[in-house]
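Visitor: Sequence first, predicted model second:
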Amino acid sequence: MDRETRERNTKATKGRLFVLLGAPLGMLTLALLVACALPPTTPDLPTPSHSPDAIRATPSIPPASSTQHVVRATAPSAGVTASPDPTASPSPSPTPIVELKLSVATYPFARLPVPESDTLDFADSVEGDPLARHAVERARHFSESLCYVAGHNGYCAWFGDDRFAAWVDSTDPEAMYVVVARNEEQVDQVAMGTVSSLWGVWAYDGHWVVETALVGTVQSGNIFTSTTTGQVVMDGVSLNEDLGYDETFSFQTLGGKPFYFFERQGVVDVSYDGVDIPLGFDEVPHLFCCSAAAFNPQAHPNLVSFYGRKGDTWYYGEIAAVPVTSAETPTPRAKVPNRTPDAVLGTPEVLAEEAIDCMPAGAFSHCVDDVLGIEFEVPASWGAIETRLRRGLDAGFAYDYYFGGKTHAETEPLVAGGRSVDFAEGRGAMPTDFGGYEDAGWQRTSACAGSGEWFSNAYPVCRQINDHVAWMIRFPNAEALCSGDLTGWTATPVFRIEISLPDNPTINGFVFEAPFFSEQFATLVESDLYRRIGISVNWEPRRCDEASKEAFDAELARLTDSLMERTADAETVEKVDELIHLAESIAVRER
């Protein structure tokens, strides 16, 4: 099931633009939230239903009192549901079902985590490494769901043969809304107000779900304060309104079944497959951007990890759908009627996995790639390069690099990969979906020249080195951001190298994308550039009047000039120099 990896961590301001200062939650403070203690018992859960009435059916669960809890649920083989309702009519012939359990564990911190740090300092009472428990599940990620549909950048999700798509209609900037379509036919509109804030679309069991953020702006003199309320809309029904929630957020499927956080009367709990599970958090951080996005709930197919606060104590938590052991498995029950197993995304055939042949060359590594037929010098700090060549789910081939033994999700925005000209998969676009300039689905027919206004608005710098190689800097201007056409990774500043390989028998295009900001330069961008148009949710600006756009573009030009004239801070200049060296070192070998 497709979803934007919420991605991830490059999304713009989800909610208020806070930083972690360790002070109380305020204008310049990021609140990390604590997991509460959970019930020590394992209650029988009522039959879930995807209708709002059934979601209201909250079981009686004792007050929280421990830090680990297991809720058992039974399910068809494709997912997880709660125990069947005894009043429901069973299938004529009982069908064995797979037994899973919902495991919730929270671990207190000794001190607050630091954004972008790999270190979590747990309290002395925590035994072992909590991150090791579900390490395998944390390495799994949902497929990217960004897509281009109906002339708009949006999100797409598939269930079986049905494609659900969602995009923002900003024709009336005072009354924007999300358009939801099923197989190109519009099925609903979701009101948003004056700020575009679409976070994704999901599909499961024939249902669709859209997640948005309702953004309010309060002006006091020259100070603008944004407040954000998460909203989950299921089959056209706002769960906030229908179920009396103050806020719903971080929707995903967990073990194939619907899951989301909600806040009601100042308490944050979760809902799983139609059952409200009390957790009792004071807060759970969400809708944050940039480095602070690391504290948002992180979605994985069978796991959600999160941070929480209760009182003055901070916690790390994991909620997982895990199989019951054979000793725990009860007598099979009748299958709940009217359940359609979730569509399982196909697994692409891996053709080859191997390490690239690289030799030390000072601060770089000189590498030779026989699949691409190229050689190049990559910064040695990126680590060893492993490759994977696979078939596309629908057609063609994909070829990706993995640096230092890490996945793309762990290294992004540092990624590298390429595709054949006929590559096709039923999902949204990602940075490495480049099959060369002869790809009919590609929006450009050459590296820099003749690429159109949209390209120059998003890429102020582009240099073609030769017929095969070009490098460019993605640093969108005010027009690109205010148009609403760029969101997520397409709006994130990055250094991009494109390699066109029209004569390669397998892969016809390949790209490197890498960050180039130092912390000092990133601070300048946040404080001196993005504030000029009030960048907020999902890279959506709050101020797009001509004066604000002109001020933004003037500052963008100044920052871009400092990159090209090498007057930016030393660390940023060094990073740009390394990437230019990589681009200029690429040589395509004769076949």
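Guide: On my side now, so go ahead. In this text, all values refer to a predicted model and were calculated from it rather than measured experimentally.

Visitor: What's the end-to-end length of stretch 410-430?
Guide: Separation of the first and last residues of stretch 410-430 by C-alpha to C-alpha, to the nearest Å is 15 Å.

Visitor: That one: which residues count as buried?
Guide: Residues of stretch 410-430 classed as buried: 411-421, 423, 425-430 (neighbour count, 16 or more other C-beta atoms under 10 Å). Just so you know, the C-beta spots here come from the backbone N, C-alpha and C atoms, and that holds for glycine as well.

Visitor: cool, and stretch 508-522?
Guide: Taking 16+ other C-beta under 10 Å as the criterion, stretch 508-522 shows 508-518, 521 as buried.

Visitor: Now do the longest helix anywhere in the chain: which elements does it pack against?
Guide: When the chain is parsed with DSSP state H, its longest helix is helix 546-564. When contacts are defined as 3 or more C-beta pairs under 8 Å, 6 or more residues apart in numbering; DSSP states H and E, helix 546-564 sits against strand 461-464, helix 478-482, helix 570-585.

Visitor: out of these, which comes closest to D545?
Guide: helix 478-482 (9.5 Å; C-beta to C-beta).

Visitor: Just give me the neighbour total for the residue lying closest to D577 once chain neighbours are set aside.
Guide: For D577, ignoring the flanking residues on the chain, the nearest one in space by C-beta to C-beta, 6 or more residues apart in numbering is R566 at 8.0 Å. For R566, the neighbour count with other C-beta atoms under 10 Å is 12.

Visitor: any idea how far I473 is from R566?
Guide: Per C-beta to C-beta, to the nearest Å, R566 is found 14 Å from I473.

Visitor: Now flag whichever of the buried residues of stretch 508-522 is closest to Y315.
Guide: Set against Y315, the nearest of the buried residues of stretch 508-522 by C-beta to C-beta is P515 (30.1 Å).

Visitor: for the closest one, what are its contacts?
Guide: 413-414, 493-495, 575 (C-beta atoms under 8 Å, 6 or more residues apart in numbering).

Visitor: circling back to that earlier point, and the angle for the longest helix of the chain with helix 570-585?
Guide: For helix 546-564 against helix 570-585, the angle between stretch directions is 70 degrees (axes from the mean of the first three to the mean of the last three C-alpha atoms, to 10 degrees).

Visitor: For helix 546-564, the averaged confidence score.
Guide: Averaging pLDDT along helix 546-564 gives 93.

Visitor: and if you look at stretch 367-380?
Guide: Averaged across stretch 367-380, pLDDT comes to 95.

Visitor: List the buried residues of it.
Guide: Of the residues in stretch 367-380, 367, 369, 371-380 count as buried by neighbour count, 16+ other C-beta under 10 Å.

Visitor: Between the two ends of it, how far is it?
Guide: Per C-alpha to C-alpha, the first residue of stretch 367-380 is 10 Å away from its last.

Visitor: Please enumerate residues in contact with stretch 120-129?
Guide: Residues outside stretch 120-129 that contact it (C-beta under 8 Å, 6+ apart): 107-111, 113, 130-131, 316.

Visitor: quick one: which of the contacts of P515 is nearest to G362?
Guide: Here the nearest of these to G362, counting by C-beta to C-beta, is K575; it sits at 16.2 Å.

Visitor: And the closest one, how far from L563?
Guide: Taken as C-beta to C-beta, the span from K575 to L563 is 10 Å.

Visitor: The top strand by length along the chain: partners in the sheet, and parallel or antiparallel?
Guide: If you go by DSSP state E, the chain has its longest strand at strand 207-220. Sheet pairing of strand 207-220 (DSSP bridges) gives strand 198-204 (antiparallel), strand 223-234 (antiparallel).

Visitor: so which of the ones you listed gets nearest D188?
Guide: strand 223-234 (8.2 Å).

Visitor: one step back: greatest separation within the contacts of P515: which pair is it?
Guide: Farthest-apart pair in the contacts of P515 is L414 and P493; separation 13.3 Å (C-beta to C-beta).

Visitor: Show me where the stretch 301-450 of the chain has its strands.
Guide: With DSSP state E, counting those that start in this stretch as the criterion, the stretch 301-450 of the chain has strands at 303-310, 313-323, 350-355, 357-361, 364-369, 374-379, 385-391, 397-403, 415-419.

Visitor: one step back: which residues do K575 and L563 both contact?
Guide: Common contacts of K575 and L563 (C-beta under 8 Å, 6+ apart): F516.

Visitor: then the longest helix of the chain to PDB, C-alphas only?
Guide: Included here for helix 546-564 are C-alpha records, laid out as PDB according to Å, rounded to 0.1, in the frame of the first residue of the first chain:
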ATOM      1  CA  GLU A 546       4.300  40.400  -4.700                       C
ATOM      2  CA  ALA A 547       6.300  42.300  -2.100                       C
ATOM      3  CA  SER A 548       7.000  39.200  -0.100                       C
ATOM      4  CA  LYS A 549       7.900  37.200  -3.200                       C
ATOM      5  CA  GLU A 550      10.300  39.800  -4.400                       C
ATOM      6  CA  ALA A 551      12.000  40.000  -1.000                       C
ATOM      7  CA  PHE A 552      12.300  36.200  -1.000                       C
ATOM      8  CA  ASP A 553      13.800  36.000  -4.500                       C
ATOM      9  CA  ALA A 554      16.200  38.800  -3.700                       C
ATOM     10  CA  GLU A 555      17.500  36.900  -0.700                       C
ATOM     11  CA  LEU A 556      17.500  33.600  -2.700                       C
ATOM     12  CA  ALA A 557      19.700  35.300  -5.400                       C
ATOM     13  CA  ARG A 558      22.100  36.500  -2.700                       C
ATOM     14  CA  LEU A 559      22.400  33.100  -1.200                       C
ATOM     15  CA  THR A 560      22.800  31.400  -4.600                       C
ATOM     16  CA  ASP A 561      25.500  33.900  -5.600                       C
ATOM     17  CA  SER A 562      27.400  33.100  -2.400                       C
ATOM     18  CA  LEU A 563      27.500  29.500  -3.400                       C
ATOM     19  CA  MET A 564      28.700  30.200  -7.000                       C
END
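
Visitor: In it, which residues are buried?
Guide: Neighbour-count burial for helix 546-564, counted by 16+ other C-beta under 10 Å, picks out 548-549, 551-553, 555-556, 559-560, 562-563.

Visitor: Now distance to G244 too, for those, in a markdown table please.
Guide: A markdown table is the format used below for these (distance: C-beta to C-beta, whole Å):
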| residue | distance to G244 |
| --- | --- |
| S548 | 38 |
| K549 | 41 |
| A551 | 43 |
| F552 | 41 |
| D553 | 45 |
| E555 | 45 |
| L556 | 45 |
| L559 | 47 |
| T560 | 49 |
| S562 | 52 |
| L563 | 51 |
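
Visitor: returning to what we had before: identify, from the buried residues of stretch 508-522, the entry nearest to L389.
Guide: Using C-beta to C-beta, F510 is the member of the buried residues of stretch 508-522 that lies nearest L389, at 11.9 Å.
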